[in-house]
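> The following block contains a protein sequence and its predicted model.
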Amino acid sequence: MKKHLLILSLVATSLSFLSAQDKKIAEECFKKADYQCAEEQYSKLVLSEHIQKYQSDYYVSLGTSQRRLGKTTLAFKSYESALKSNPKSIAVYENLASLHNQKGNRTKALEYANTGVKLEPENAEIYLIRSKIYNNLGKKDLAMADLKQILTFAPDNILARTGLANLKKNSGDLEGALKDYNLMLTEKPESLLYNGRADVYLKMKKSKEALADINKAISIDPKFSQSYVTKATILFESAKDKEACTNLEKAITLGHEKALLIEFEGKCVKK
């Protein structure tokens, strides 16, 4: 009997070790933005994991890998499987809300976002996503209210603060947006902020200042994919299409979703 238990214990230990190794490989692939490799590894993990909470986490990572690869239909299926495994996972509601919003189904996106807010009423990410949904629905006041709500429990949240600045920018208050970005940059000169101010300068037709800011953003954080998208936009405005397309390719390499670059479709067709 003891020998039997010892064998079972060794088998369990061995399986646990292999699972840990697979998880490590998957995480390393994801960090390196090798999403094809990450998809393969997480596909194995979701099948071998029997603890539902962990299985749900793996499904989320699988869905995100597929999303980065442009496999939207598969990503939806993975996130829905994650939801079945763990209906209380905030990460699932964040991703489903975000993906439905991206695909234009605002009603469904709002349903998932509202459920997420009820699940975790002090989770900044779900409010940020819902704010974007409201913005896309043209409900600017509700979008602003969500961003301000974040600041009640996370007053230094940079994404909420930049979100408020961007709402000003998008409503035509460029001077107000610029003032907000200038203030934030004096407090903390981050890549995200230089990227945001570059976009404000671009809207103000100040391409020289915009290019200086975006180059600063990239020098601070060369792995922030959005900076390369912003730089591409600036370069397209200056009729430097070839250099702009190179920056878009760099953004995709760093994990920027192709689905978010539809506005540039056709500008970088290889001959």
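Received, thanks.
> For Tyr201, which residues are in contact?
Tyr201 is in contact with Leu178, Ser207, Glu209, Ala210, Asp213, counting by Cβ atoms under 8 Å, 6 or more residues apart in numbering. The C-beta positions use only the backbone N, C-alpha and C, and glycine is treated the same way.
> Find the pair from those residues with maximum spatial separation.
With Cβ to Cβ as the measure, no two of these lie farther apart than Leu178 and Ser207, at 15.0 Å.
> higher neighbour count, those two?
Neighbours per residue, other Cβ atoms under 10 Å: of Leu178 and Ser207, the larger number sits with Leu178, 21 against 15.
> Before we move on, what's the pLDDT of the more buried one?
You'll see Leu178 listed with a pLDDT of 97.
> ok, it - contacts?
Going by Cβ under 8 Å, 6+ apart, Leu178 touches Arg197, Val200, Tyr201, Met204.
> Out of these, which comes closest to Asn105?
Closest to Asn105, out of all of those and judged by Cβ to Cβ, is Val200, at 30.2 Å.
> Any idea which helix or strand in this structure has the lowest mean pLDDT?
When each helix and strand of the chain is scored by mean pLDDT, DSSP states H and E, helix 2-31 comes last, with a mean of 65.
> Using CSV, list the CA coordinates for the helix or strand just after it.
For helix 2-31, the following helix or strand on the C-terminal side (DSSP states H and E) is helix 35-48. The C-alpha coordinates for helix 35-48 follow below in CSV (Å, rounded to 0.1, in the frame of the first residue of the first chain):
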residue,chain,number,x,y,z
TYR,A,35,2.5,35.0,-29.7
GLN,A,36,2.5,32.0,-31.9
CYS,A,37,4.6,30.1,-29.4
ALA,A,38,2.5,31.5,-26.5
GLU,A,39,-0.7,30.3,-28.2
GLU,A,40,0.7,26.8,-28.6
GLN,A,41,1.9,26.6,-25.0
TYR,A,42,-1.3,28.0,-23.4
SER,A,43,-3.4,25.6,-25.6
LYS,A,44,-1.6,22.8,-23.9
LEU,A,45,-2.0,24.3,-20.4
VAL,A,46,-5.8,24.8,-20.7
LEU,A,47,-6.2,21.1,-21.4
SER,A,48,-3.8,19.8,-18.7
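> Most widely separated two among the contacts of Leu178?
Arg197 and Met204 (10.2 Å).
> out of those two, which sits in the busier spot?
Neighbours per residue (other Cβ under 10 Å) separate Arg197 from Met204, with Arg197 holding more: 27 against 15.
> Spatially, which residue comes closest to the more buried one, not counting chain neighbours?
Closest residue to Arg197 apart from its sequence neighbours, by Cβ to Cβ, 6 or more residues apart in numbering: Tyr181 at 4.0 Å.
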